[in-house]
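In: the following block contains a protein sequence and its predicted model.
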Amino acid sequence: MNAAKYIWMNGKFVAWDDAKTHVLSHTIHYGNGVIEGTKAYKTAKGYAIFRLNDHTKRLKESAKMTIMNIPYSIEEMNQAQIELIRRNEFKGDNVYLRPFAFLGYGVMGVYHKEAPVETVMAAWEWGAYLGEEGMRKGIKLKIASMTRPSNTSNMGKAKATANYLNSQMAKYEAIDCGYDEALLLDDQGYVAEASGASFFMVKDGKLITPPNDNSLESITQKTVIELAEYFGIEVLRRRISREEVYIADEAFLTGTAAEITPVRIIDAREIGAGTRGEMTEKIQSAYFDIVFGRNKDFEHYLTYI
Ligand code: PMP
């Protein structure tokens, strides 16, 4: 990974190499931590963080769901992230921010009430999550053999570290089978989300994306829905079954890291023409216009540094 200069840890900026924790930190053993993934882009007016407040708010909400009391306000954490981008003096177009909270050292055993909450904001330069070629030509998606954990036993709306064991197994399986990314169904067999992104398909000129019944409330998915409305494209939010995915005209993934990644193959079936589709390209290029500050109508989503 690309190291940066500073990390914000519990209210202070520390050198990248000094942001450490004890090996007996509670989260390492029992998996209760919450994370965000936010992005800053280098616009013509300097770096701008995309939908900063929405991401920080989701971190606070994830922590509430998992009973972890982050002792900082959303505003304090927003300011920490702004200052973090400033102090690190990044150069490239793409900076990824990882605000998170975890349970530190001092308590063992599953019961976590007395475990100290550590709050951290880190940032580093990070390019296309699913590769530059994937962004142009599309990626290969495999439907995972495991489903997303059901709502009766997990909290998929928390961006909780524990949820990424399921994601990690699915992603590993996909890559091991020669694919790039995994698509997870819910326990009823309908599309939930990818291992770290949301799913969209195009059919007969309409965009279809599942409701967040069994997935993270994705900020990029919301942005794409707004963008579709802006272009007058009809968006259907409904359940999608496996067979429908195979006969989509186009498909793409959305996420802060994945941005808008076209899908060219799903489980050995070519999607549409087997390359980036027309509507996908339109949404992708419009998304980059927004995050790089080239669309005035969406500038309210940018926090300039
Ligand atoms: N689902 C999962 C499981 C994710 O990890 C992510 C990435 N945060 C997403 C969806 C997309 O969310 P967002 O658009 O808010 O980044």
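Out: Sure, I can see it. What you are looking at is a predicted structure, and each value in this text was computed from that prediction instead of being measured.

In: could you tell me which other helices and strands the helix or strand where Asn166 lies packs against?
Out: Using DSSP states H and E, Asn166 falls within helix 164-176. Judged by 3 or more CB pairs under 8 Å, 6 or more residues apart in numbering; DSSP states H and E, the packing partners of helix 164-176 are strand 139-143, strand 181-185. Just so you know, the C-beta spots here come from the backbone N, C-alpha and C atoms, and that holds for glycine as well.

In: most packed of these?
Out: Of those, the one with the most neighbours on average (mean count of other CB atoms under 10 Å) is strand 181-185, at a mean of 24.

In: what about Glu173, neighbour count?
Out: 16 (other CB atoms under 10 Å).

In: can you pull the contacts of it?
Out: Going by CB atoms under 8 Å, 6 or more residues apart in numbering, Glu173 touches 142, 144-146, 182.

In: redo those residues as a markdown table? Include pLDDT and distance to the ligand.
Out: Below are the contacts of Glu173 laid out as a markdown table (pLDDT from 0 to 100; distance: CB to the nearest ligand atom, whole Å):
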| residue | pLDDT | distance to the ligand |
| --- | --- | --- |
| Lys142 | 98 | 16 |
| Ala144 | 98 | 12 |
| Ser145 | 98 | 17 |
| Met146 | 97 | 13 |
| Ala182 | 98 | 10 |
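
In: that older thread, average pLDDT for the helix holding Asn166?
Out: In this model, helix 164-176 has a mean pLDDT of 98.

In: ok and it relative to strand 139-143, angle-wise?
Out: 120 degrees (axes from the mean of the first three to the mean of the last three CA atoms, to 10 degrees).

In: buried sites along helix 164-176?
Out: Buried residues in helix 164-176, defined by neighbour count with 16 or more other CB atoms under 10 Å: 164, 166-167, 169-171, 173-174.

In: so for stretch 249-266, mean pLDDT?
Out: 98.

In: gap between the two ends of that stretch?
Out: In stretch 249-266, first residue to last residue: 12 Å (CA to CA, to the nearest Å).

In: do the same with stretch 19-30
Out: Stretch 19-30: ends 21 Å apart by CA to CA.

In: what about that stretch, distance to the chain center?
Out: Relative to its chain's centre, stretch 19-30 lies at 23 Å (CA atoms, centre = their mean, to the nearest Å).

In: got the buried residues for it?
Out: For stretch 19-30, by 16+ other CB under 10 Å, it's 25-28, 30.

In: list, one by one, the residues from the protein near the ligand.
Out: Within the chain, the positions near the ligand by CB under 6 Å from any ligand atom are 37, 167, 193, 196-198, 215-216, 218-221, 255-256.

In: nearest to Glu133, of the residues you listed?
Out: Ala197 (17.0 Å; CB to CB).

In: now the closest residue to Ile139 other than its chain neighbours: how far from Gly196?
Out: Nearest non-adjacent residue to Ile139, counting by CB to CB, 6 or more residues apart in numbering: Asp180, 3.9 Å away. Taking CB to CB, to the nearest Å as the measure, Asp180 falls 12 Å from Gly196.

In: for Ala273, same thing?
Out: 26 Å.

In: and Phe292, by the same measure?
Out: The separation that Phe292 has from Gly196, given CB to CB, amounts to 22 Å.

In: what do you get for Glu234?
Out: Distance from Glu234 to Gly196, by CB to CB: 27 Å.

In: tell me which residue of the stretch 51-200 of the chain lies closest to the ligand.
Out: Gly196 (3.8 Å; CB to the nearest ligand atom).

In: so that residue sits in a strand?
Out: No - counting by DSSP: H, G, I helix; E, B strand; the rest coil, one finds Gly196 to be coil, located in no strand.

In: contact partners for it?
Out: Neighbours of Gly196 in contact, by CB under 8 Å, 6+ apart: 37, 129, 164, 167, 171, 255, 257-258.

In: and the helices in the stretch 101-250 of the chain, which stretches?
Out: 132-137, 164-176, 219-231, 242-246 (DSSP state H, counting those that start in this stretch).

In: quick one: closest of these to Tyr105.
Out: So among those, helix 164-176 is nearest, using CB to CB, at 21.9 Å.

In: show me how far the closest one is from its chain's centre.
Out: Centroid separation for helix 164-176 versus its chain: 15 Å, with CA atoms, centre = their mean.

In: so that helix versus strand 181-185, what angle?
Out: 130 degrees.

In: before we move on, back to that, could you dump the contacts of Gly196 to JSON lines with distance to Val120?
Out: As requested, the contacts of Gly196 are exported to JSON lines (distance: CB to CB, whole Å):
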{"residue": "Gly37", "distance to Val120": "13"}
{"residue": "Tyr129", "distance to Val120": "21"}
{"residue": "Tyr164", "distance to Val120": "17"}
{"residue": "Ser167", "distance to Val120": "21"}
{"residue": "Lys171", "distance to Val120": "24"}
{"residue": "Gly255", "distance to Val120": "21"}
{"residue": "Ala257", "distance to Val120": "18"}
{"residue": "Ala258", "distance to Val120": "23"}
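
In: lovely, talk soon.
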